[in-house]
Every structure is written in structure tokens, then in C-alpha cells.
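S.K.: Build me a model:
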Amino acid sequence: MKKRTLTRVLSVLALAMSMPAVAAGQARVGVATTVVGPVTVTRVAAPPAPLKFKDDVLLNDRIATGDKAFARMLLGGKAVVTAREHSVVMISEVPGLSTIDLASGRISVAVDKSRMRPGEGVEIKTPNAVSGIRGTIVVAEVAGGVSTITVLRGLVDVYRRDPATGKSIGAATPVGARESVTVKGSALPARPHRISAEQARTLSNDFTAPVQPVSPANAMVTDEVSRASGLAGGLTGGSMAKTDVAATKTSLTPPNPPIVRPVTPLVPKVTQGVPAIPPSNSLVK
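M.R.: Numbers count the residues shown, from 1 in each chain. Here you go, the predicted model:
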């Protein structure tokens, strides 16, 4: 009896120890689809650790990119977050709202509105701005206390961020495609300014994933990578999608030697009363 009780206690302890992420409120919110250079992830009550390709992205993860680093994450199958070098990002979520909090650096966020359920939303927060996303592609940059929000596709409402509560305050500044707004301190311009097609193209290229060889992925991750590439492809109206899909196929498909099958020579068939027909050269090349 004592042995059975001890076994049950050990089983419960083992189960509790096997679910630290759930206990800490760190549910899975996405997956890393591209990691180049030094990228670290810091989780609740844990030291920084390298973020690797195919790693889960958990709730409240703090992701930091180092020199010449590049990281792309697919969140919930509906949003792609791409971080350039020297960026610090944290992913949080409440029912119906996913928040990408950019403390410093540069990120792009591509949201596929068709994959979002009614009432769902995605927002980008910087130290002094909040951007509500409506199925758009946005580039956010934070440097020296200045936030710049640039829209490459769609429409974004940009608000000032209350430093005390972290919530949006005041009137919104609508920012449309190929428009940008810069928030300095608590000053939010009432109108955005236009950017040129060349500036938009340069931003798109900045967030195009480098081609890096990686180990073959399982079917689920391959599917998520493909979806991430497709979502992010809208940055250049389709040209980036082709580049990323090609990169994905190159990186995920291991090189295979060509299949060589022996050619079976055609043997003339003789039918009574019909002369044999020699094989055609065009069939046995």
C-alpha cells in the first residue's frame, strides 16, 4: 500500500515538473522560422538561451538579436514578425489581442487579415507609441527614444502610449500605405508623411530573409515556414514572396543525387506474317 502511494506521489511530481511552461503562464504562441546570427530568448525565471530554428516562441518571451542577426517568427499562423540586428522584442497575448512590444531596434510585422477571427487584433507597442494593425505590413523602429512607424501595405492607427499604464491614449493618426509617422517623446504628428517607392523597396529588402542552410524540417514546421514566407511576401507586392519561398525550398530540401534508371532496350516483336519493326532511336536516347 505504501509503495502504491509513493508511486502515485512520484507520478504527480513528475507531471508537475514536466509542465513548467504552463505553470509559468508561458503558452506556445509561435515558432521560429528563420534564425541567422546570434539570437537569444529569455523566458520567465530562466537565463538567456540561444533561439534556434524550429524553436517554440512562448508567451512573454523576450527575444534579442545581436550583430548581423536576423530572426523571423510565425505567430499563431496569422502574423509574421521579423527582427533585424540589435532588436529587443517581447510577445504577449490576452484573449483576442496579440501584442509585439519593441523595446529597441527594427522589426517588420505582416498580418494576414483573412486568418484572423472576428474581434481578434494585433498591435505593435514601442516605448511611446501603440499601433493597431488591420491586416497590414508595418515596419517599426525604435532608436534614442524616437519611434518610427512605416506602413508598406494597409492601414494602421498610431496612438501615443501612456508611460504609466502602457495603453494607448489620445486621438489616433491614421497611417496608410507608403506613409510614415515619427513619434518623439509624447509628440504624435496629426498627419503622416509620404515615402518614395525606392524607400519602400529598401525597407522591404532590409527584411528579406538571408538564405541559410538548415537541417530538414518536419512537415508541420515546413508548412509554417511556407506560410510565413507567403505572408511576408507582401512587402514588395509579391517579389519578396518568390525570394523567400525559393530560400525556404533551398534551405529545407536536402540535396538529392539524380535518380538514374537503367534503360531497357526495346526488343523487336515478331508477329506471324508481319515483319519485325526495329526500335526507334527517339525512344532509347
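S.K.: what about Ala177, neighbour count?
M.R.: 16 (other CB atoms under 10 Å). In short, each C-beta sits where N, CA and C put it, glycine included.
S.K.: Report pLDDT for it.
M.R.: In this model, Ala177 is scored at 95, pLDDT.
S.K.: quick one: it and Val156 touch, right?
M.R.: No: using CB atoms under 8 Å, Ala177 is not in contact with Val156, being 9.8 Å away.
S.K.: Gly170: what's its closest spatial neighbour, skipping adjacent residues?
M.R.: Arg160 (4.9 Å; CB to CB, 6 or more residues apart in numbering).
S.K.: Contacts only, for Val81.
M.R.: Val81 is in contact with Gly30, Arg72, Met73, Leu75, Val89, Ile91, Ile100, Ile107, Ser108, Val109, counting by CB atoms under 8 Å, 6 or more residues apart in numbering.
S.K.: Please read the previous query as pertaining to Thr150.
M.R.: Val138, Val139, Ala140, Glu141, Val175, Glu179, Ser180, Ile195, Leu203.
S.K.: thinking again about what came up before, report whether the residue nearest to Gly170 is found in a strand, as I expect.
M.R.: Yes: under DSSP: H, G, I helix; E, B strand; the rest coil, Arg160 falls within a strand.
S.K.: For whichever strand in the chain runs longest, which residues meet the burial criterion?
M.R.: With DSSP state E applied, the strand covering the greatest number of residues in the chain is identified as strand 97-111. Buried residues in strand 97-111, counted by 16 or more other CB atoms under 10 Å: 98-102, 104-111.
S.K.: from the residues you listed, which single one is nearest Ala46?
M.R.: Asp101 (18.6 Å; CB to CB).
S.K.: Who is the closest one paired with across the strands?
M.R.: Met90, Lys125 (DSSP bridges).
S.K.: number of nearby residues for the residue nearest to Gly135 when sequence neighbours are not counted?
M.R.: Leaving out its chain neighbours, the residue that sits closest to Gly135 by CB to CB, 6+ apart is Lys113, at 2.5 Å. For Lys113, the neighbour count with other CB under 10 Å is 13.
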